[in-house]
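> the following comprises the amino acid sequence and a computationally predicted model.
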Amino acid sequence: QVQLVESGGGLVQAGGSLRLSCAASGTTFSSYGMGWFRQAPGKEREFVARISWSGSRTNYADSVKGRFTISRDNAKNTMYLQMNSLKPEDTAVYYCAAQPKYIASILPSRYDYWGQGTQVTVSA
């Protein structure tokens, strides 16, 4: 069983930055590809970014490309999302998720484990 805990959310002004963390336990972290998703009120959960088990491959949603950076430290069992140039439309609950490393998918349904989420609010 994989436990995922997000942290680092908060309130920030537009143009500001935040760094989210996702700490994993209960598993061999490097056995999993990891992703960040977000869900705004009244909207479906959407893909933000994904990183392969080794960290060598990353994918980003077009809406965050060039502003967000996903990374991981397998020695610390932790994944990160550096968010720069934040916009009000980035406001959402951000979730981290894990999928077996042989599955390279950005679909939420292909992720087996989820964290509880952390709120990010960007004021105009």
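Looks like it came in fine. Numbering: from 1, shown residues only.

> phi, psi of the residue positioned nearest the centre of the chain?
With distances taken as C-alpha atoms, centre = their mean, residue 36 lies nearest the centre of the chain, 2.2 Å away. With angles defined as degrees, to the nearest 10, residue 36 shows backbone torsions of phi -110, psi 140.

> and for residue 75?
When read as degrees, to the nearest 10, the backbone of residue 75 gives phi -70, psi -30.

> coming back round to it: so the residue nearest to the centre of the chain sits against residue 70, correct?
Yes - under the criterion of C-beta atoms under 8 Å, residue 36 makes contact with residue 70 at 6.4 Å. No exception for glycine: its C-beta is placed from N, CA and C like everyone else's.

> picking up where we left off before, what about the closest residue to the residue nearest to the centre of the chain other than its chain neighbours, which SS state?
Taking C-beta to C-beta, 6 or more residues apart in numbering, and ignoring the residues beside it in sequence, residue 36 has residue 48 as its nearest neighbour in space, at 4.2 Å. Classification of residue 48 using DSSP: H, G, I helix; E, B strand; the rest coil returns strand.

> and residue 48, how far from residue 25?
If you measure residue 48 against residue 25 using C-beta to C-beta, to the nearest Å, the figure is 22 Å.

> over to residue 59?
In terms of C-beta to C-beta, residue 59 sits 25 Å off from residue 25.

> higher neighbour count, these two?
With other C-beta atoms under 10 Å as the criterion, residue 59 and residue 25 differ in neighbour count, and residue 59 comes out ahead with 17 against 11.

> that one looks like it's in a helix, true?
No - secondary structure of residue 59 (three-state DSSP): strand, not part of a helix.

> that one against residue 48, yeah?
No - contact between residue 59 and residue 48 fails when scored by C-beta under 8 Å: they sit 9.7 Å apart.
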